[in-house]
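1. sharing a model prediction with you, sequence too.
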Amino acid sequence: MTGTGFLATTCILTGALLAGGCATKKYVRNTTAPIQAKVDQVGEQTNRNGQQIEDTRNQVKTVDEKAQSGISAAQERASTADQHALAADQHANDAMNKANQANQSADTANRGLDKLRNVVANIDDYQLQSSAAVNFKFNQFKLSDDAKADLDKVADGLKPDKRFFVAVEGYTDSTGSKQYNEELSRKRADAVVEYLVAKHDIPIYRIHMVGLGEEKPLDEGHTRAARAKNRRVEVKIFSADQVTANLSASNQTDSNSASRVDTTVPANATPTNDNR
């Protein structure tokens, strides 16, 4: 084969191959185009589904946040309600305690009133039995030996009595301020009360003490002697034993008289001229 023939043969084969390749590519394009369109459609649907899923997730997140917010608000309201309930319980307890205290105070006041009524009812039974005055040095409230001796005599006179009370009144002279004198007079009265209770076992509930300062002076003068008289504590003993004894004797006498009348004069007897 000549060179010219080989070249012609080569050209023919090449043309055939080119013509066949073009036909194959066209076939492939025609075959794959629907598939690619389907793939593109599936991809687009997938993208839309993904977007819907993301939107759904966002909606679920929003709903969850709202739910959590609602739960938190409900819990807060419940906590506030609990606090209000506790506060109400506390107020109720406080009110109950105050009511109980008021009842106790009322009971105490009623008992005190009953005691006062008894004292007032029997106040006329007590009469002054004896009294004594003990003096103090200037600006002092310590008992002297003479004062203690006077108080011993007063206490000895109380031993037979059963119904009595002791009035202790403290005084000062007019030297110094009124407030200071009132305090000093109370200290002097306290010294007397302490001695009577500690030394002679006089029940403290039977003693009534008061400090009157410079009130009720024994001597209105302004001399040293007058002031010395006013620096004092007066002790007064009130007793109802004598009154009780007199009442008992009177009742016994009345009873005896009634017995004699019953035995000598019948209740239905007619009075005679002598009886008239």
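-> Alright, I've got the coordinates. Residues are numbered from 1 along each chain as shown.
2. which neighbouring elements make contact with whichever strand or helix holds residue 233?
-> Element membership for residue 233 (DSSP states H and E) is strand 232-239. If you count contacts as 3 or more C-beta pairs under 8 Å, 6 or more residues apart in numbering; DSSP states H and E, strand 232-239 packs onto strand 127-135, helix 145-156, strand 164-170, helix 178-200. Bear in mind the C-beta positions are built from the backbone N, C-alpha and C, glycine included.
3. can you pull out the residues in contact with the longest one?
-> The one in question is helix 178-200. Residues outside helix 178-200 that contact it (C-beta atoms under 8 Å, 6 or more residues apart in numbering): 134, 136, 139, 141-143, 147-148, 151-152, 154-155, 158, 166, 168-176, 202-204, 207, 209-214, 232-233, 235.
4. quick one: mean pLDDT for it?
-> For helix 178-200, mean pLDDT rounds to 95.
5. report how many residues lie close to residue 139.
-> Residues within reach of residue 139, counting by other C-beta atoms under 10 Å, total 12.
6. do the same with residue 235
-> 23.
7. and it, bridged to which residues?
-> residue 132, residue 168 (DSSP bridges).
8. thought it was touching residue 168?
-> Yes. Counting by C-beta atoms under 8 Å, residue 235 does reach residue 168; the two are 5.7 Å apart.
9. now do the phi/psi pair for residue 91.
-> phi -60, psi -40 (degrees, to the nearest 10).
10. tell me how far it lies from residue 157.
-> Look at residue 91 and residue 157: by C-beta to C-beta, to the nearest Å, they are 60 Å apart.
11. ok, those two, which is more surrounded?
-> The residue with more neighbours, out of residue 91 and residue 157, is residue 157; 15 against 10, by other C-beta under 10 Å.
12. I'd like the distance between the more buried one and residue 233.
-> 17 Å.
13. tell me the domain ranges of the chain?
-> 93-125, 127-250 (automatic domain parsing).
14. export those domains to a markdown table and tack on distance to residue 59?
-> Below are these laid out as a markdown table (distance: least, C-beta to C-beta, whole Å):
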| stretch | distance to residue 59 |
| --- | --- |
| domain 93-125 | 50 |
| domain 127-250 | 85 |
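15. pick the most buried one from these.
-> Greatest average neighbour count among the domains of the chain goes to domain 127-250 (a mean of 16), per mean count of other C-beta atoms under 10 Å.
16. can you list the weak-confidence ranges in the protein?
-> 1-29, 105-106, 109, 112-125, 161, 241-276 (pLDDT under 70).
17. ok, the closest residue to residue 189 other than its chain neighbours - contacts?
-> Nearest residue to residue 189 in three dimensions, chain neighbours excluded: residue 170, at 3.3 Å (C-beta to C-beta, 6 or more residues apart in numbering). When contacts are counted by C-beta under 8 Å, 6+ apart, residue 170 touches 184-190, 192, 209-212, 233.
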